[in-house]
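Engineer: coords please:
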Amino acid sequence: MCDKASLVADALLSSQAIKFGEFKLKSGLVSPYYIDLTWLFSSPKDLKRVVKVVAEEIVSLSSLTVIDKLASIELKGALLLAAVSSKVDIPCIVVRKESKAYGLTGRIAGGEVKEGDRILFFDDLVTDGKSKIEGIKPLEEMGAEVETVLVVVDREQGGRENLQRMGYRLKSITTISEIVKSLLEARKITEERAYTILNYVKSSRKGIKRET
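Structural biologist: Numbers count the residues shown, from 1 in each chain. Below is the predicted model of the structure:
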């Protein structure tokens, strides 16, 4: 099992950032698990572990291409972004979901976007990829270039394929399948729970193949 997957899986379970049960997603689908990375804030040790592995991935990506800034859309990805930014020493900005009407107005917080800026877009999770497009669009309208989207966990529900169709590359630290398999190997979840989630992912993958 990938070391990164094992590290993230252990941090999510230890901090209770991964929950099991029945959860209604924004899309209306019901999922047998839910990941909320803000729970990492209640466990500094686990937060540091996840930030470290994300920072290492960004350093690796920056050795292959120029990254002028990091960006995320509010809320959850943006909450992690500052810690990651300080670790890799790359400026970061946050895209608001709506334009601010007072004070420093507009949709960008934390800095400015310059024409030609090469921006790496970061977020906590990807499901279908729609919220990533919502965050990237304002950056591109200001003249920035976004090629890569980096997430901590890929839920494997079409986000990778949808982003690729839009011309973006998705990089994930790990996937939900890898997390579940890691937890199962470590005997931290039951086989029944693991198979329920893996079958859910498998069903999602079948739906993606029918659409493509």
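
Engineer: phi, psi of Glu115?
Structural biologist: phi -50, psi 130 (degrees, to the nearest 10).

Engineer: next one: Val113
Structural biologist: Dihedral angles (degrees, to the nearest 10) for Val113: phi -100, psi 120.

Engineer: so it is in contact with Leu139, correct?
Structural biologist: Yes. At 5.9 Å, Val113 counts as touching Leu139 under the criterion of CB atoms under 8 Å. Using the backbone N, CA and C atoms, a C-beta is placed for each residue, glycine as well.

Engineer: shared neighbours, the two?
Structural biologist: Common contacts of Val113 and Leu139, defined by CB atoms under 8 Å, 6 or more residues apart in numbering, comprise Ile119.

Engineer: in this protein, which spans are helices?
Structural biologist: Secondary structure of the chain, counting by DSSP state H: helices at 3-15, 44-62, 76-88, 130-141, 159-165, 176-185, 191-211.

Engineer: what's the mean pLDDT across the second one?
Structural biologist: Along helix 44-62, the predicted confidence averages to a pLDDT of 97.

Engineer: do the first one as well
Structural biologist: For helix 3-15, mean pLDDT is 97.

Engineer: likewise the fourth one?
Structural biologist: This predicted structure assigns helix 130-141 an average pLDDT of 94.

Engineer: now do that helix: distance to the chain's middle.
Structural biologist: A distance of 14 Å separates the centroid of the chain from that of helix 130-141, by CA atoms, centre = their mean, to the nearest Å.

Engineer: and for stretch 44-54?
Structural biologist: On CA atoms, centre = their mean, the centre of stretch 44-54 falls 14 Å from that of its chain.

Engineer: cool, and stretch 140-150?
Structural biologist: The answer for stretch 140-150 is 16 Å, by CA atoms, centre = their mean.

Engineer: and it, which residues are buried?
Structural biologist: Using 16 or more other CB atoms under 10 Å as the test for burial, stretch 140-150 gives Met142, Ala144, Val146, Thr148, Val149, Leu150.

Engineer: surely the first one touches Val113?
Structural biologist: By that I understand Met142. Yes. The pair Met142 / Val113 is scored as a contact, 4.1 Å apart, by CB under 8 Å.
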